[in-house]
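K.L.:
have a look; sequence and predicted model below, questions after that.
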Amino acid sequence: MSSLVRRLTGIRAALVAFAIVVVVLVVPRSSAAETRHFAVIVGVGSGAGVGRGDLRFADDDAAKYAVLFRRAMPSAEVVLVSRFDADTTRLFPALGATARAPTRAIVAEVLTGVTEKARSLAAMGHSAELHFVFAGHGDVDGGRAFLQLEDGRLTGDELARRLRAFPGRSHLLLDACNSIFVVQARKPGGLRSTTPSEAAAALAEALPNTGVLLASGSDGEVYEWATLGSGIFSHVVRSGLAGGADANGDGMLSYRELRAFVTVATRSLANPKFRPEVFARGPGGNDDTPLLTVPPSSSIAIPVRARLTLEDSFGVPWADTNPEPGFLPRVLVPDRLSMLEEGGEAARSFSFVEHTRGGSTRYSATESVVRLEGTIAARGGDAVFGSLFAEPFGPNALAKVERERAPEPVYGVSSADMQRLDSLVREVAGTSRGVRLASGMAGLGTGVAITTLGAIRTAGTKTPQDRYFATFDISAGLLWMGIQGGVRLANPSAGEVLLRRHEARIAMGTNPRIAFSRTERELFDLAAREHATRLQWAAWSFVGAGASLATMAIEVATIAPEKRITFGAPVLLLNLCLGSGFMNLFPSPIERLAEVWRRDPERARFAASLTITPVVLGAPGLGIGGRF
């Protein structure tokens with residue numbers, strides 16, 4: 001009996017073990033780690049909050065980004081925050097019906113919502129990634145960068161705080177003026193410009209788990225092209241994300257590939273102001289991190305190796321490619337069924353348009369069949385933006401961009417900034433020169449006067465004390481003549497040196513923004529040195545005043561009243577030293593300029609004056625004063 005029990009117990013244990021194996025191997029495990037993607041896409045065309053014109057295609061850009069992310073990540077939660085105009089609503093009726101108003105409250109609610117969902121996923125052992133996309137206006141006010149929403153501002157500080165609160169990796173894609181300062185604060189008193197290395201360092205400290213791809217123009221303009229129905233930068237970025245930037249063909253569009261793709265696609269534009277100032281840095285500084293992955297099921301190989309535009313059946317341009325020899329990328333195609341309330345196979349069709357000098361050739365397709373349809377007339381607008389995508393892109397182009405060692409670009413500098421700084425540098429150079437010449441001539445005259453008084457005293461010397469005071473007068477006069485006169489007249493002022501270096505950079509053909517950045521930095525460096533030098537001059541002037549007082553006291557104690565020269569060199573020197581000392585307690589012209597630039601960079605001029613007047617401080621003398 002006991003053996004039977006043992007046999008049954010062994011069979012039961014075997015069955016339990018078999019059941020466990022079946023459960024482990026066959027039944028899907030809900031605890032398997034997954035990555036959930038969220039995309040928050042904001043498009044705001046209004047420019048009222050920044051005093052600029054409205055953007056015509058910011059809502060179209062937002063709609064196209066929404067389609068792109070939904071197509072590339074079918075399981076992602078994509079939230080569109082934009083107010084469509086009538087034309088965009090007709091093109092994207094389903095999206096328009098679900099889009100939310102681009103207000104501060106809605107953006108805050110959406111970001112809070114996705115963060116809470118990501119936290120819930122993290123609690124279950126899953127991960128999350130956030131894509132935040134903005135197309136619209138941006139600017140800097142009082143040292144604080146912001147993105148303009150419909151009813152107010154989304155500041156860089158607030159956006160950074162919300163990105164830090166997200167429990168996972170995030171990606172920031174910005175198409176707005178001055179957007180570089182959204183990731184690098186520009187505080188009052190700081191420089192008005194920055195470079196990629198400075199921005200990367202700030203990003204690594206403030207948002208280490210966030211990747212950034214942005215265009216940061218500074219002239220208050222976001223350039224759009226009606227032919228594309230889009231902003232220039234946003235269209236180029238979407239073309240890269242759709243697959244055009246996939247240089248290694250792995251389907252993953254990295255920050256490195258996208259930066260090179262945008263650079264190559266736009267550098268043939270004749271006017272440099274239309275070329276976006278691109279900044280790209282992957283999360284954690286890893287530029288090989290993919291910003292987006294294009295699944296093969298959503299893409300199609302381009303039909304010919306040529307300059308092509310992908311259009312849908314409504315004539316809406318979605319992406320452009322110009323692959324180099326040996327490179328034939330796959331391009332993500334828009335699924336219009338996801339955008340239309342009423343679909344059908346016709347709504348799903350799209351075309352590739354090949355651009356040539358003589359016109360354009362259209363290739364129609366339905367994701368599997370490509371056929372030649374015919375030749376169409378050349379498009380307008382080529383005079384300005386027709387050279388977009390003129391240079392082929394592929395692995396060789398990527399490698400070439402990586403090899404280039406051009407000077408770092410400078411962000412945050414507008415044409416108006418450059419004009420204002422140039423005007424101020426010239427004005428301070430002129431003011432500094434006037435102060436230098438006036439003070440130098442005054443120094444020479446004063447030195448001559450003191451030396452002359454010493455010579456007169458020498459003629460009547462009878463005692464060692466008389467010879468001492470006469471020697472003191474002559475030495476002080478010569479010293480004053482040499483330092484306050486000769487040295488000042490012979491050496492250019494700091495303001496004049498600054499202007500010479502600024503003009504030399506321009507004459508050498510230095511990039512205007514780089515020249516601006518170097519002049520701006522030199523301005524603050526010179527101001528700091530001028531401040532230190534001014535205080536040293538003040539200290540030595542007061543030392544000279546003390547020596548004059550001591551000499552006068554000795555004279556009073558050792559020389560008979562009838563033999564004192566009451567209005568002699570010591571008294572004059574005392575006046576001059578006191579005047580020079582007190583003058584050097586006030587900011588110099590270049591310090592004044594730097595302070596003006598720090599506090600009010602919009603100001604184009606500042607007042608400066610110099611006066612030389614007679615004063616009486618126990619005895620007649622000269623006073624030099626002014627406002628600098």
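P.N.:
It's in. Residues are numbered from 1 along each chain as shown.
K.L.:
and residue 197, what's its pLDDT?
P.N.:
On pLDDT, residue 197 comes in at 74.
K.L.:
what about it, how many neighbours?
P.N.:
Number of residues near residue 197 (other C-beta atoms under 10 Å) recorded here: 9. Any C-beta I mention is one placed from the backbone N, CA and C, and that applies to glycine too.
K.L.:
same question for the one 10 residues further on.
P.N.:
When counting by other C-beta under 10 Å, one arrives at 19 neighbours for residue 207.
K.L.:
these two touch, right, it and residue 160?
P.N.:
Yes: at 5.9 Å, residue 207 counts as touching residue 160 under the criterion of C-beta atoms under 8 Å.
K.L.:
what touches both of the two?
P.N.:
Common contacts of residue 207 and residue 160 (C-beta atoms under 8 Å, 6 or more residues apart in numbering): residue 183.
K.L.:
so what's the residue count around residue 170?
P.N.:
Using other C-beta under 10 Å, residue 170 has 23 other residues around it.
K.L.:
what is the neighbour count of the closest residue to it other than its chain neighbours?
P.N.:
Take residue 170 and drop its neighbours on the chain: the residue closest to it by C-beta to C-beta, 6 or more residues apart in numbering is residue 130, 4.3 Å away. Residues within reach of residue 130, counting by other C-beta under 10 Å, total 24.
K.L.:
which element is residue 319 on?
P.N.:
strand 317-321 (DSSP states H and E).
K.L.:
contacts for that strand, please.
P.N.:
Residues outside strand 317-321 that contact it (C-beta under 8 Å, 6+ apart): 64, 227-230, 235-236, 238-239, 242-244, 265, 302, 307-312, 329, 331-334, 350, 388-389, 393.
K.L.:
restricted to strands, list the residues you listed.
P.N.:
Judged by DSSP state E, the subset of the contacts of strand 317-321 located in strands is 230, 308, 309, 310, 311, 312, 331, 332, 350.
K.L.:
residues contacting the fifth one?
P.N.:
To tie it back to what came earlier, the one meant is residue 311. Residue 311 is in contact with 317, 318, 350, 351, 352, 353, counting by C-beta under 8 Å, 6+ apart.
K.L.:
which helix of the protein spans the most residues?
P.N.:
Longest helix in the chain, counting residues (DSSP state H): helix 512-558.
K.L.:
pLDDT on it, on average?
P.N.:
76.
K.L.:
residue 102: neighbour count?
P.N.:
27.
K.L.:
angle of the host helix or strand of residue 442 against helix 512-558?
P.N.:
Per DSSP H and E, residue 442 falls inside helix 415-459. Counting by axes from the mean of the first three to the mean of the last three C-alpha atoms, to 10 degrees, helix 415-459 lies at 20 degrees to helix 512-558.
K.L.:
number of nearby residues for residue 233?
P.N.:
30.
K.L.:
over to residue 318?
P.N.:
Counted with other C-beta under 10 Å, the neighbours of residue 318 add up to 23.
K.L.:
show the model's pLDDT score for it.
P.N.:
89.
K.L.:
what about the stretch 151-300 of the chain, any weak spots by pLDDT?
P.N.:
Along the stretch 151-300 of the chain, the model assigns pLDDT under 70 to residues 184-193, 216-222.
K.L.:
so where do the helices sit in it?
P.N.:
Secondary structure of the stretch 151-300 of the chain (DSSP state H, counting those that start in this stretch): helices at 156-165, 180-183, 196-206, 232-239, 255-266.
K.L.:
list just the nearest of the contacts of residue 311 to residue 506.
P.N.:
residue 317 (39.4 Å; C-beta to C-beta).
K.L.:
bridged to the closest one, which residues?
P.N.:
As for beta bridges, residue 317 partners with residue 311 under DSSP bridges.
K.L.:
let me know the average pLDDT across stretch 440-452.
P.N.:
pLDDT averaged over stretch 440-452 gives 74.
K.L.:
for the stretch 1-150 of the chain, what spans make up the helices?
P.N.:
2-25, 58-72, 86-91, 93-98, 104-123.
K.L.:
pretty sure residue 131 sits against residue 40.
P.N.:
Yes: using C-beta under 8 Å, residue 131 is in contact with residue 40, at 7.2 Å.
K.L.:
now the helices of the stretch 151-300 of the chain as CSV including distance to residue 439?
P.N.:
Output for the helices of the stretch 151-300 of the chain, formatted as CSV (distance: least, C-beta to C-beta, whole Å):
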stretch, distance to residue 439
helix 156-165, 45
helix 180-183, 41
helix 196-206, 38
helix 232-239, 52
helix 255-266, 51
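K.L.:
export the ones in strands among the contacts of strand 317-321 as JSON lines, with columns for distance to residue 272.
P.N.:
Converted to JSON lines, those look like this (distance: C-beta to C-beta, whole Å):
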{"residue": "230", "distance to residue 272": "21"}
{"residue": "308", "distance to residue 272": "26"}
{"residue": "309", "distance to residue 272": "24"}
{"residue": "310", "distance to residue 272": "28"}
{"residue": "311", "distance to residue 272": "29"}
{"residue": "312", "distance to residue 272": "32"}
{"residue": "331", "distance to residue 272": "29"}
{"residue": "332", "distance to residue 272": "31"}
{"residue": "350", "distance to residue 272": "33"}
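K.L.:
closest one of those to residue 83?
P.N.:
Distances from residue 83 to those, taken by C-beta to C-beta, are shortest for residue 230, at 17.1 Å.
K.L.:
show me what contacts the closest one?
P.N.:
Neighbours of residue 230 in contact, by C-beta under 8 Å, 6+ apart: 57, 60, 61, 64, 224, 238, 317.
K.L.:
same thing but at 6 Å, please
P.N.:
57, 60, 61 (C-beta atoms under 6 Å, 6 or more residues apart in numbering).
K.L.:
of the ones in strands among the contacts of strand 317-321, closest to residue 515?
P.N.:
Among the ones in strands among the contacts of strand 317-321, and counting by C-beta to C-beta, the member closest to residue 515 is residue 230, at 32.5 Å.
K.L.:
and the gap between the residue nearest to residue 92 when sequence neighbours are not counted and residue 239?
P.N.:
With sequence-adjacent residues excluded and distances taken as C-beta to C-beta, 6+ apart, residue 92 is closest to residue 63, at 4.5 Å. Computed with C-beta to C-beta, to the nearest Å, the distance linking residue 63 and residue 239 is 16 Å.
K.L.:
what about residue 258, distance to residue 126?
P.N.:
27 Å.
K.L.:
who has more neighbours, these two?
P.N.:
residue 258 (26 against 16).
K.L.:
the more buried one and residue 241 touch, don't they?
P.N.:
No: with contacts counted by C-beta atoms under 6 Å, residue 258 stays clear of residue 241, the gap being 7.2 Å.
K.L.:
any of the ones in strands among the contacts of strand 317-321 buried? List them.
P.N.:
Buried members of the ones in strands among the contacts of strand 317-321, counted by 16 or more other C-beta atoms under 10 Å: 230, 308, 309, 310, 311, 312, 331, 332, 350.
K.L.:
closest one to residue 287 out of these, please.
P.N.:
residue 332 (21.5 Å).
K.L.:
show me the contacts for the nearest residue to the closest one once chain neighbours are set aside.
P.N.:
Distance criterion C-beta to C-beta, 6+ apart; nearest residue to residue 332, sequence neighbours excluded, is residue 242 at 4.3 Å. When contacts are counted by C-beta under 6 Å, 6+ apart, residue 242 touches 319, 331, 332.
K.L.:
many thanks, I have nothing further to ask.
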